[in-house]
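Chemist: Turn this into a structure:
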Amino acid sequence: MFEFLLSVTIYSLIVVQSSSTEITTCSGIVPMSNRKENISISDYGGIGDGVTLNTNAFREAIYRIEHLSIRGSGTLLYIPPGVYLTEPFNLTSHMTLFLAKDAIIKATQNTVNWPLIAPLPSYGRGRERPGGRYISFIHGDRLEDVVITGENGTIDGQGSIWWDMWRQRTLQFTRPNLVEFMNSNGISISNVVFKDSPFWNIHPVYSSNIVIRNVTILAPRDSPNTDGIDPDSCSSVCIEDSYISVGDDMVAVKSGWDEYGIAYGRKSSDITIRRVTGSSPFAGIAVGSEMSGGVENVLAEHINLYTMGIGIHVKTNSGRGGFIRNLTFSNIYMEKTRTGIKISGNVGDHPDDNYNPNAIPVVNDIKLTDVWGVGVQNPGLIVGIKNAPFTGVCLSNVHLHGVQGPRPSPWKCSEVSGDSSQVSPGPCAELISSQNVSSCAGNF
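Modeler: Coordinates of the predicted model:
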């Protein structure tokens with residue numbers, strides 16, 4: 001059995017091939033992990049009856065991996081079929097958390113003893129409330145070589161109790177993420193279902209070499225702030241082949257909040273988002289609005305979006321500082337979408353009154369090619385910041401067809417420059433270059 005599990009783990013990390021084609025993948029940034037040792041949560045008293053609290057079983061098993069594993073190769077922790085109720089727990093380096101088919105790791109809804117941790121230094125406070133924040137359900141800090149995978153077992157955050165506290169304004173601290181890795185390297189997440197997160201679902205922060213592929217992320221459309229995947233001040237991130245249907249942005253690239261993000265100064269860079277499908281009342285693929293450490297070199301391609309608020313959303317605000325540059329969105333399909341493309345300089349709140357309103361973000365070099373939409377109410381809104389226009393916004397082969405009516409809704413633009421080719425409905429004047437040499441010439 002365990003030899004089979006290892007084979008599945010390894011297979012999930014390699015390039016998928018067919019008889020005639022090889023699928024492009026970025027997953028090779030994380031080496032394959034071949035665990036030589038295997039243990040089961042059942043060996044440590046784990047009971048999958050959905051009632052027994054398994055916190056001690058998880059903590060004892062992971063303690064054993066941390067302190068007694070074969071050095072260098074690590075250990076696979078097997079979760080057999082069943083429902084394993086538990087409080088939050090921390091992972092350790094050189095381990096694989098493997099969920100069998102029909103295995104569910106379920107968060108307790110007893111929030112009274114949920115641990116608190118310090119706010120992220122690039123945020124200065126909890127994202128929702130001043131002070132600290134509740135630790136994520138599954139957490140890791142300063143780790144390397146960690147795999148979460150399986151046979152599409154489920155990690156269930158049981159977030160409804162947290163959503164109700166948010167709605168009733170009774171939260172004392174910021175809600176927990178479902179999974180968070182901080183200051184970590186070499187993280188792979190695949191073949192798992194993530195369900196009903198209290199807050200953001202998967203949040204790698206201050207980390208590098210992250211692969212997230214073949215995952216399913218689910219939360220009700222009205223669940224507050226249940227972002228799917230939020231790489232935050234991270235580098236070398238690969239997100240592929242996943243389905244995300246949540247209550248907030250499907251994927252949002254971030255890098256810190258106002259003066260705290262500026263001071264921390266760690267950007268997000270070299271991020272690939274490929275073959276992702278999903279639905280959200282907010283954005284499909286987003287950058288920001290917390291981007292004060294800077295965001296650069298983001299590629300999003302072969303994205304399919306259904307029943308969306310916004311298809312592509314690049315968002316920032318005065319006071320953010322930092323930069324957004326070299327973003328490429330290509331081969332995007334969207335259907336039943338309120339706004340197809342939004343690039344805006346007046347989105348997002350501030351952590352406190354100490355932010356510097358003169359910290360103006362620099363936004364340039366954003367390319368959108370081969371974008372097709374059906375049932376798009378408004379094709380695009382591109383609004384920069386006064387006296388700090390967004391530059392190098394390039395649209396090519398962008399066709400966003402609206403709902404039936406006497407005339408299509410127009411693009412709305414201000415404080416922006418760039419160029420366009422083969423865009424319908426026709427682009428705004430700011431994206432029709434009158435210069436002899438367009439800033440987008442190399443992209444058409």
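
Chemist: In contact with Trp243, which residues?
Modeler: Careful, residue 243 is Tyr and not Trp. By C-beta atoms under 8 Å, 6 or more residues apart in numbering, Tyr243 lies in contact with 215-217, 276-278. Where you see a C-beta, it was placed from the backbone N, CA and C, and this is true even at glycine.

Chemist: can you rerun that using 10 Å?
Modeler: Contacts were defined as C-beta atoms under 10 Å, 6 or more residues apart in numbering; by that measure Tyr243 touches 193, 214-218, 228, 250, 276-279, 304.

Chemist: can you list these in JSON lines and add pLDDT, neighbour count and secondary structure?
Modeler: Listed next are the contacts of Tyr243 as JSON lines, based on pLDDT from 0 to 100; neighbours: other C-beta atoms under 10 Å; DSSP: H, G, I helix; E, B strand; the rest coil:
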{"residue": "Val193", "pLDDT": "98", "neighbour count": "17", "secondary structure": "strand"}
{"residue": "Asn214", "pLDDT": "98", "neighbour count": "18", "secondary structure": "coil"}
{"residue": "Val215", "pLDDT": "98", "neighbour count": "26", "secondary structure": "coil"}
{"residue": "Thr216", "pLDDT": "99", "neighbour count": "17", "secondary structure": "strand"}
{"residue": "Ile217", "pLDDT": "99", "neighbour count": "26", "secondary structure": "strand"}
{"residue": "Leu218", "pLDDT": "99", "neighbour count": "20", "secondary structure": "strand"}
{"residue": "Gly228", "pLDDT": "99", "neighbour count": "31", "secondary structure": "coil"}
{"residue": "Met250", "pLDDT": "99", "neighbour count": "29", "secondary structure": "coil"}
{"residue": "Val276", "pLDDT": "98", "neighbour count": "26", "secondary structure": "strand"}
{"residue": "Thr277", "pLDDT": "98", "neighbour count": "17", "secondary structure": "strand"}
{"residue": "Gly278", "pLDDT": "98", "neighbour count": "23", "secondary structure": "strand"}
{"residue": "Ser279", "pLDDT": "98", "neighbour count": "19", "secondary structure": "strand"}
{"residue": "Asn304", "pLDDT": "98", "neighbour count": "16", "secondary structure": "strand"}
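
Chemist: can I get the residues you listed in a markdown table with distance to Ile79?
Modeler: Converted to a markdown table, those look like this (distance: C-beta to C-beta, whole Å):
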| residue | distance to Ile79 |
| --- | --- |
| Val193 | 13 |
| Asn214 | 18 |
| Val215 | 16 |
| Thr216 | 17 |
| Ile217 | 19 |
| Leu218 | 19 |
| Gly228 | 22 |
| Met250 | 27 |
| Val276 | 26 |
| Thr277 | 27 |
| Gly278 | 26 |
| Ser279 | 29 |
| Asn304 | 31 |
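
Chemist: which among those residues gets closest to Glu128?
Modeler: Relative to Glu128, the closest of the contacts of Tyr243 is Gly228; by C-beta to C-beta it sits at 18.0 Å.

Chemist: Please report how far the closest one lies from Glu87.
Modeler: For Gly228, the distance to Glu87 (C-beta to C-beta, to the nearest Å) stands at 24 Å.

Chemist: ditto for Pro408
Modeler: Here the criterion is C-beta to C-beta. By it, Pro408 lies 53 Å from Glu87.

Chemist: circling back to that earlier point, identify, from the contacts of Tyr243, the entry nearest to Met95.
Modeler: Proximity of the contacts of Tyr243 to Met95 (C-beta to C-beta) peaks at Val215, which lies at 18.3 Å.

Chemist: Near the residue nearest to Leu218 when sequence neighbours are not counted, how many other residues are there?
Modeler: Leaving aside its chain neighbours, Leu218 sits nearest to Lys195 (5.0 Å; criterion: C-beta to C-beta, 6 or more residues apart in numbering). Other residues within reach of Lys195, judged by other C-beta atoms under 10 Å, total 19.

Chemist: Please point out which parts of stretch 331-345 sit buried.
Modeler: By neighbour count, and taking 16 or more other C-beta atoms under 10 Å as the criterion, the buried residues in stretch 331-345 are 331-335, 337-345.

Chemist: And the furthest pair within these?
Modeler: Across these (C-beta to C-beta), the longest gap, 27.7 Å, separates Glu335 and Gly345.

Chemist: what's near enough to touch Gly140?
Modeler: Applying C-beta under 10 Å, 6+ apart to Gly140 gives the contacts 90-93, 95, 146, 148, 179-184, 187, 204, 207.

Chemist: Closest one to Trp372 out of the residues you listed, please.
Modeler: Compare each of the contacts of Gly140 with Trp372 using C-beta to C-beta and the shortest gap goes to Pro204, at 30.6 Å.

Chemist: wait, the closest one sits on Gly186?
Modeler: No. Contact criterion C-beta atoms under 10 Å: Pro204 and Gly186 do not qualify, at 11.3 Å.

Chemist: Which residues are in contact with Thr328?
Modeler: With contacts taken as C-beta under 10 Å, 6+ apart, Thr328 has the following neighbours: 272, 297-301, 365-369, 394, 443.

Chemist: Show the backbone phi and psi for Ile161.
Modeler: Geometry field for Ile161 lists phi and psi as phi -70, psi -30, criterion degrees, to the nearest 10.

Chemist: Quick check: nearest residue in space to it, chain neighbours excluded?
Modeler: Nearest non-adjacent residue to Ile161, counting by C-beta to C-beta, 6+ apart: Gln109, 4.7 Å away.

Chemist: Distance check, that neighbour against Ile47.
Modeler: Here the criterion is C-beta to C-beta. By it, Gln109 lies 18 Å from Ile47.

Chemist: which of these two has more neighbours?
Modeler: The residue with the greater number of neighbours, taking Gln109 and Ile47 and applying other C-beta under 10 Å, is Ile47; the counts read 16 against 13.
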